[in-house]
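Everything below, folded, please.
(2 chains)
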Protein chains: 2
Amino acid sequence: MADDTVGFIGLGAMGGEMARHLVAKGIRVQGFDLRSEAVARLAAQGGVACASPAEAAAGVSALVLMVASAAQVEAVLADGSEAALPPGAAVILHSTVPPSFAAALGARLEAAGHPFLDAPVSGGQVGARDGRLTIMASGSPAAFAAAAPVLASYSQKVWRLGDVAGAGSTVKLVNQHLAGVHIVAAAEAMALAARAGVDPGLVFEVISTSAGRSWMFENRVPHMLARDFTPLSAVEIFVKDLGIVLDAGRERRFPLPLAAVAHQQFLAAAAAGLGAEDDAAVVKVYEKLAGIEVKG
Amino acid sequence: MADDTVGFIGLGAMGGEMARHLVAKGIRVQGFDLRSEAVARLAAQGGVACASPAEAAAGVSALVLMVASAAQVEAVLADGSEAALPPGAAVILHSTVPPSFAAALGARLEAAGHPFLDAPVSGGQVGARDGRLTIMASGSPAAFAAAAPVLASYSQKVWRLGDVAGAGSTVKLVNQHLAGVHIVAAAEAMALAARAGVDPGLVFEVISTSAGRSWMFENRVPHMLARDFTPLSAVEIFVKDLGIVLDAGRERRFPLPLAAVAHQQFLAAAAAGLGAEDDAAVVKVYEKLAGIEVKG
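Numbering: from 1, shown residues only, chains lettered A, B, ... in the order given. Next up, the predicted model:
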């Protein structure tokens, strides 16, 4: 019975979709979120509404955490969910957190008999909606075994990055480093083109088939050209994630000058009141300065 | 007769290959380079060896310039090739130069009756060797018409970016901005992974299928992992090209903080004596500092 019950804390834009896929696979999902409407939505989809982290963790074989930050992870664990975990229940952490945090948490939970999977996700809201996330995971064989049926419900690929928590989060940070820098690079280069008076739509077409292309260039520049900054992933996500990248560099005594500048540009966007817009809105930092517009 | 004769100045790693393709298409090619062995190679392939820029320009329908910089363009034009051009002969400029330079040169040559094509190339030594370059071109309809059979000999794609010289060079700079930033981003992110103790080969595999990927990441990280810094495109190329990008931003009064940092990292590589190595050697700037190695 317990084998079929999963706790899920953090039912936001991505977590809500992931929990829905679990329910659809016939798994009993005990969901909790600070926003009661998110919990109600899960219940309407067939999940079990819980009023506290402890309630979500009671009787589960695995507890999934998809909250926004390491601080929130600590908070929900301290707020009863860790204490309520049955002996041997696994913990799967999908949040983007500092690798050192994931490593320390993994060591503590494994010592307490809870297999722990450091398992950040990639693929965004669209990947979550379609059940096609990529999971960058590390942890004990027991943690991988316990997580397998859960992850299979909403992922297309699970990378096994080692036996110790921390490696998964490190690889996720490497991805976020590149993704964040590439978004700012796309914004800066397209803004330069606009400033120089070249048609941005044509530039997009040329670069998309040239050596200057990136996944982010091809994905985000169309948002700029269409002037559609509906947040698929918000500026604030990269304020946070590049912040974690830089913290990891600081902790490791490792300089990351390019990531530092990209972070400053996302901070500039947030300073301009664009934090909740799509991350492609970082282009407006350049546009506002020079009175130009990247549109096609 | 003149319709079948093309002058070609700058027979280096790329220019030599391009001239070879022209010869192979049955076009009479009058070649000049400061290095006599490059001229001798062209002659051995069926081209005409010339002893000066003026000799290369005499009697041609079009003069192709594939030298290293705007200064070299000015030098070869001043050194007799411009004066030797037959009336109405076109000039095709493939070098990466400041857009303002291309625009001014185009205006001057067009006023003198020489159709001028601002036509920087993309694709590197491999693209030149295979006759599959991409050309980012702007100029008068007459310039496009005169250049068509020439460009067809060594390109797979000619972008028409407008009627005025300068647009081609601008788009090329946008590409070089992104390419240069992406190489440094790849180096910085992979070095962070190595510093954090994660297997770089595995990280490469994960990122290559994730949102953090770029054309440069997928192309250059294998050079790092194999520790093969044979220069397919050297560090000094990006010292130069990102320098031109930054100059263009300065001229236009436009800030390019990300490109500025990437340029500094290529300069750091050059300072460490790596200027003639493959541009992927910028990773050694990070490696030397921290005593790590990105190898897989």
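
Once you drop chain neighbours, what's closest to A:P222?
A:F204 (7.4 Å; Cβ to Cβ, 6 or more residues apart in numbering or on different chains). Every C-beta, even on glycine, is put in place using the N, C-alpha and C of the backbone.

And the residue of the stretch 1-150 of chain A that's closest to chain B?
Among the residues of the stretch 1-150 of chain A, A:S122 lies closest to chain B, at 5.2 Å counting by Cβ to the nearest Cβ.

May I have the phi/psi pair for that residue?
Main-chain dihedrals, A:S122, degrees, to the nearest 10: phi -130, psi 150.

which strands and helices sit next to the helix or strand that contains A:I244?
Assigned by DSSP states H and E, A:I244 belongs to helix A:235-251. Counting contacts by 3 or more Cβ pairs under 8 Å, 6 or more residues apart in numbering or on different chains; DSSP states H and E, helix A:235-251 is packed against helix A:99-111, helix A:167-195, helix A:257-271, helix B:167-195.

Need those helices in a markdown table (columns: distance to A:M14, mean neighbour count and mean pLDDT).
Output for the helices and strands packed on helix A:235-251, formatted as a markdown table (distance: least, Cβ to Cβ, whole Å; neighbours: other Cβ atoms under 10 Å in any protein chain shown; pLDDT from 0 to 100):
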| stretch | distance to A:M14 | mean neighbour count | mean pLDDT |
| --- | --- | --- | --- |
| helix A:99-111 | 18 | 20 | 98 |
| helix A:167-195 | 14 | 29 | 98 |
| helix A:257-271 | 20 | 22 | 98 |
| helix B:167-195 | 23 | 29 | 98 |
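
Looks like the residue of the stretch 1-150 of chain A closest to chain B contacts A:K172 (just checking).
Yes. Using Cβ atoms under 8 Å, A:S122 is in contact with A:K172, at 6.9 Å.

what sits in contact with each of the two?
Overlap of the contact sets of A:S122 and A:K172 (by Cβ atoms under 8 Å, 6 or more residues apart in numbering or on different chains) consists of A:M136.

tell me the contacts of A:F254?
By Cβ under 8 Å, 6+ apart, A:F254 lies in contact with B:A191, B:L192, B:R195, B:Y286, B:A290.

Keep those residues, but drop any that are not near chain A.
Filtering these for proximity to chain A (criterion: Cβ under 8 Å from any Cβ of the partner chain) leaves B:A191, B:L192, B:R195, B:Y286, B:A290.

just checking, the third one touches B:G291?
No. Counting by Cβ under 8 Å, B:R195 stays clear of B:G291, with 9.4 Å between them.

any chance you could map the helices in chain A?
A:15-24, A:36-44, A:53-57, A:70-76, A:82-84, A:99-111, A:124-129, A:141-154, A:167-195, A:200-207, A:215-225, A:235-251, A:257-271, A:283-290 (DSSP state H).

Okay, and the beta partners of the residue of the stretch 1-150 of chain A closest to chain B?
A:T134 (DSSP bridges).

quick one: low-confidence parts of the stretch 1-150 of chain A?
Where the stretch 1-150 of chain A drops to pLDDT under 70, the residues are A:1-3.

which bits of it sit near chain B?
Residues of the stretch 1-150 of chain A lying near chain B (Cβ under 8 Å from any Cβ): A:P99, A:S122, A:G123, A:G124, A:T134, A:M136.
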